[in-house]
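1. take this sequence and fold it.
(one chain, ligands or ions: 1)
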Amino acid sequence: MSLFGSQVRLAVLGAGKMGGILIEAFVRQNLVSPQNIRATVQHPALERKNGVKLAVSLGTDNCGAVRGADVVLVCVKPQTVGHVLDEIKDELDEKKLLISIAASVSTDYIERRLGLQTPVIRAMPNTPSMVGAGITAICKGKFATAKHVETAQKLFDAVGKTVVADEKNMDAITGLSASGPAFLYIILESLAEGGVKVGLPRDLATLLAAQTALGAAKMVLDTGHHPALLKDTVTTPAGCTIDGILELEEGGLRVTLIKAVVKATERAKELLVSDAEL
Ligand SMILES: NC(=O)c1ccc[n+]([C@@H]2O[C@H](COP(=O)([O-])OP(=O)(O)OC[C@H]3O[C@@H](n4cnc5c(N)ncnc54)[C@H](OP(=O)(O)O)[C@@H]3O)[C@@H](O)[C@H]2O)c1
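-> This next block holds a predicted model:
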């Protein structure tokens, strides 16, 4: 039975940037009622400020939050996951679903650290989840069933698209779609600077750049056409676009973006302390 059959009770451990975005989105989508969410942070000073902002119960007691929960969402930094798992393991059992969004942390690491048969899902969302346009990749650990995948999918579908992935691809997914928004913001900022350089007011240039990126992305998603084919439809012989493309090629935009994803992926593999720590 899906955990969403009744009102799910959610613990969010680490209500920072990504945890906070997910809480806000789940509440906005009426997927989880705010009364059923218990979130935690590390610093007591932030409890009140962020708790009021998120309109959920916010504290520093991880075990207390996990105790009454059906689903436990671990949103702390990768290096903190082991410590948090040690802290909460006595409150976990086979009925509670643990979902970790930490980069670099494998389901195997979590299962071994817990030493329990708790179902584990690893998820990699991204910040556009804040506006319902996120993409989250999920994979399951060895004690999770298709129903647990369905539950996680239902949660992350509320904040955008969800794809089920092979765990071996999760670091690459981190380097592409979790880091990707930052790369794209730089591209958008640069396109807008180009507009400013040729005389456009900055807000108009930013609007033109952002809506153009949204439109181009929608074309790829809706038509299913290869981006190169769509690029060709914009590029008329001896027109303006081909001159711009020549500059992009000379500047090495493609290679730079490819290398950015490769570097971010390599870094994603290193974030967790080694398994030797187990
Ligand atoms: N940011 C992204 O775009 C993104 C995308 C996908 C996945 N992720 C993953 O999401 C996780 C969090 O990233 P973030 O960018 O949201 O970082 P963040 O803003 O620093 O959030 C981490 C949160 O964890 C809290 N925390 C630290 N130790 C804790 C403990 N022992 N118990 C409970 N809470 C604790 C911190 O509390 P304080 O606020 O009190 O310090 C903070 O609120 C990372 O594992 C990252 O790999 C992030």
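2. name the residues of stretch 115-130 that are buried.
-> Using 16 or more other CB atoms under 10 Å as the test for burial, stretch 115-130 gives 116, 118-130. To be clear about C-beta, it is placed using only N, CA and C from the backbone, and glycine gets the same treatment.
3. assign a three-state SS to residue 257, would you?
-> helix (DSSP: H, G, I helix; E, B strand; the rest coil).
4. now do the contacts for it.
-> By CB atoms under 8 Å, 6 or more residues apart in numbering, residue 257 lies in contact with residue 183.
5. and it, what pLDDT?
-> The model reports residue 257 with a pLDDT of 98.
6. swap in the one 3 residues further on?
-> As summarised for this prediction, residue 260 has a pLDDT of 98.
7. wait, residue 24 sits on residue 130?
-> Yes - in this structure residue 24 lies within contact range of residue 130 using CB atoms under 8 Å: 7.0 Å.
8. which parts of this structure belong to which domain?
-> Per automatic domain parsing, the domain ranges recorded for the chain read 10-170, 180-269.
9. I'd like to know how far residue 72 sits from residue 115.
-> 16 Å (CB to CB, to the nearest Å).
10. now residue 167. Nearest residue, chain neighbours left out?
-> Counting by CB to CB, 6 or more residues apart in numbering, residue 167 lies nearest to residue 139, which is 4.3 Å off, once chain neighbours are set aside.
11. same question but for residue 115, I mixed them up
-> Per CB to CB, 6+ apart, closest to residue 115 is residue 89, 7.2 Å.
12. contacting residues around the one you found?
-> When contacts are counted by CB under 8 Å, 6+ apart, residue 89 touches 113-116.
13. what of residue 134?
-> Here residue 134 is in contact with 25, 125-128, 156, 159-161 (CB under 8 Å, 6+ apart).
14. which among the residues you listed are in contact with the ligand?
-> Filtering these for proximity to the ligand by CB under 6 Å from any ligand atom leaves 125-127.
15. list just the nearest of those residues to residue 260.
-> Of all those, residue 260 sits closest to residue 126, with 15.0 Å by CB to CB.
16. could you double-check that the closest one sits in contact with residue 174?
-> No - using CB under 8 Å as the test, residue 126 is too far from residue 174 to be in contact (9.3 Å).
17. thank you kindly, that will do.
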